[in-house]
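Visitor: Generate coordinates for the sequence data below:
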Amino acid sequence: MSDPLPTRGGGPDGAAADSHAPRRSVIERLMDWLHPKPDSRDELIETLAGAEDNQVIGAESRVMLERVLRLADQTAGDVMVAAPRMDLVRIDAPYDEILNIVIDTAHSRFPVYERDRDNIIGILLAKDLLKLQRAPELNLRALLRPAVFVPESKDLNDLLREFRGNRNHLAVVVDEFGRVAGLITIEDVLEQIVGEIEDEFDITEDQGDIYGLADKTYRVSGDTPIDRVCEAFGLSTADLRGNADDDEPSFDTIGGLIAHRMGHVPRRGERHALGPLSFIVLHTKGGAVRWFKVAPVVVDDRQAEGG
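Guide: Numbering: from 1, shown residues only. Next up is the predicted model:
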C-alpha cells in the first residue's frame, strides 16, 4: 500500500534525494498543506500584518520587519544627503574656519575637498582637530582618512554590510558620470529600518509639529506648513510675511521661508524674526532645519530683521 503523503524529491528508485535530511512526520507535512508558507515578500508582509492582528508581535516590531524587507528596494541615491546640502571642508581652510564649521554643524565626519567640491580627497574626523590644536605644525592632509565612494545605484543591504565590514560610517555617493551626488552615513541606512535616530543634538518630538514648552515658548518643526503656523499663533499670512516684496517666491513650509529670508542654509543657534515671532534654529539635519524655538519677537529681533 503506497504512502498517501510521499516525501518530496525522491530519486528514481523511490529513495529520498537527501538521506541525511531529517524525516518529517505526516503531521508536519499535513500542517504545511493546511497552512502554506509565504512564497513571496508581499505574502510575508501580509503574514506579519496577520501576526500583529493576532497580537503575536507588536506594531513597532511589524513596521521594523517590513522596513528590513523593503530595504533591498532602496538605493544610496534614495536616502543620501544631496551634494548642495553637504557640509564640506576645504583642505586649505584656516583652522578657525574649520573649527567653526564643526561647531555649527555638530557633525563628527566631514568630506574634505581640494579646488572644487567634486574633488573629495579624504574624510576629516572632528576629534582629529584636537591633534592640530596640540601640534599646529601638523599638516591637515596627514589627518585625513580615506574616502569611500559608492554609486547612486548601490542598494542599502549591500551598503550596510560594507559599513559594518570596513567600519566606515560615511560614504560619498557619485553619479554615473563620476560626479559627487551626495553623501550617506550608516545612520541614514539604519533610519530606514528603525526610524529617525535622535542624538544628543536632536530634540525629542512630542505630539504634533507645534507644541508648548515649560518656559512659555514653542517648538516648531521646520517642515510645518506656513498656514499651520499662522493658525497656531492666530496670525494671518500677511502678519507673518511682514514687508515681503510682491515678487517674493511662495513657500509651503516655515523652514523654506526662513531660509529664503536669511539667504543661506540656517545654522544651529541662528535667530530670525518673522512678523511678531522670533525663530531660533535648534537643530538642522541634511541642510534643512528640523526644529525652531519660537517666541514673541523682542526689539533686538526686529532690529536684526531690519538690518
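Visitor: give me the beta-bridge partners of Val294?
Guide: When bridges are called by DSSP bridges, Val294 pairs up with Tyr218, Phe279.
Visitor: so who does it touch?
Guide: Thr217, Tyr218, Arg219, Val220, Phe233, Leu277, Ser278, Phe279, Ile280 (C-beta atoms under 8 Å, 6 or more residues apart in numbering). Just so you know, the C-beta spots here come from the backbone N, C-alpha and C atoms, and that holds for glycine as well.
Visitor: in what helix or strand does Gly182 lie?
Guide: strand 180-185 (DSSP states H and E).
Visitor: Could you list every helix and strand in contact with that strand?
Guide: helix 76-79, strand 81-82, strand 170-174 (3 or more C-beta pairs under 8 Å, 6 or more residues apart in numbering; DSSP states H and E).
Visitor: distance between it and the chain's centre?
Guide: 12 Å (C-alpha atoms, centre = their mean, to the nearest Å).
Visitor: Partner strands of it and their direction?
Guide: Strand 180-185 has these strand partners (DSSP bridges): strand 81-82 (antiparallel), strand 170-174 (antiparallel).
Visitor: Show residues contacting that strand.
Guide: Contacts for strand 180-185 (C-beta under 8 Å, 6+ apart): 76-77, 79-83, 85-86, 109, 111, 117-118, 120, 150, 152, 159, 169-175.
Visitor: Likewise for stretch 114-122?
Guide: Taking C-beta under 8 Å, 6+ apart as the rule, stretch 114-122 contacts 83, 86, 88, 90-92, 111-113, 141, 144-147, 149, 172, 179-180.
Visitor: Next, Leu277: phi, psi?
Guide: Main-chain dihedrals, Leu277, degrees, to the nearest 10: phi -120, psi 140.
Visitor: ok, it - contacts?
Guide: Counting by C-beta under 8 Å, 6+ apart, Leu277 has contacts Val229, Phe233, Leu235, Leu240, Val294, Ala295, Pro296, Val297.
Visitor: Output the below-cut-off pLDDT ranges for the stretch 51-200 of the chain.
Guide: 52, 195-200 (pLDDT under 70).
Visitor: And the helices in it?
Guide: 59-70, 76-79, 95-105, 129-134, 156-166, 186-194 (DSSP state H, counting those that start in this stretch).
Visitor: got TSV for those helices, with mean neighbour count and distance to Val265 too?
Guide: What follows is the helices of the stretch 51-200 of the chain, written out as TSV (neighbours: other C-beta atoms under 10 Å; distance: least, C-beta to C-beta, whole Å):
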stretch	mean neighbour count	distance to Val265
helix 59-70	14	29
helix 76-79	18	19
helix 95-105	15	10
helix 129-134	12	22
helix 156-166	15	26
helix 186-194	16	18
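Visitor: Could you work out which of those reaches nearest to His272?
Guide: helix 95-105 (15.5 Å; C-beta to C-beta).
Visitor: any residues touching the closest one, and which ones?
Guide: Against helix 95-105 from outside (C-beta under 8 Å, 6+ apart): 87, 89, 110, 124, 126, 129, 132, 136, 140, 267-269, 284.
Visitor: Closest one to Asp252 out of those residues, please.
Guide: Within these, proximity to Asp252 (C-beta to C-beta) peaks at Thr284, which comes in at 18.4 Å.
Visitor: Who is the closest one paired with across the strands?
Guide: Val289.
Visitor: Not counting its neighbours along the chain, what's nearest Leu132?
Guide: Spatial nearest neighbour of Leu132, chain neighbours left out: Leu138 (5.6 Å); criterion: C-beta to C-beta, 6 or more residues apart in numbering.
Visitor: can you give me how far stretch 119-138 is from the chain middle?
Guide: 26 Å.
Visitor: Quick check: buried residues in it?
Guide: Within stretch 119-138, the residues that count as buried by 16 or more other C-beta atoms under 10 Å are Ile120, Gly122, Ile123, Leu124, Leu125, Ala126, Asp128, Leu129, Leu132.
Visitor: That'll do, ta.
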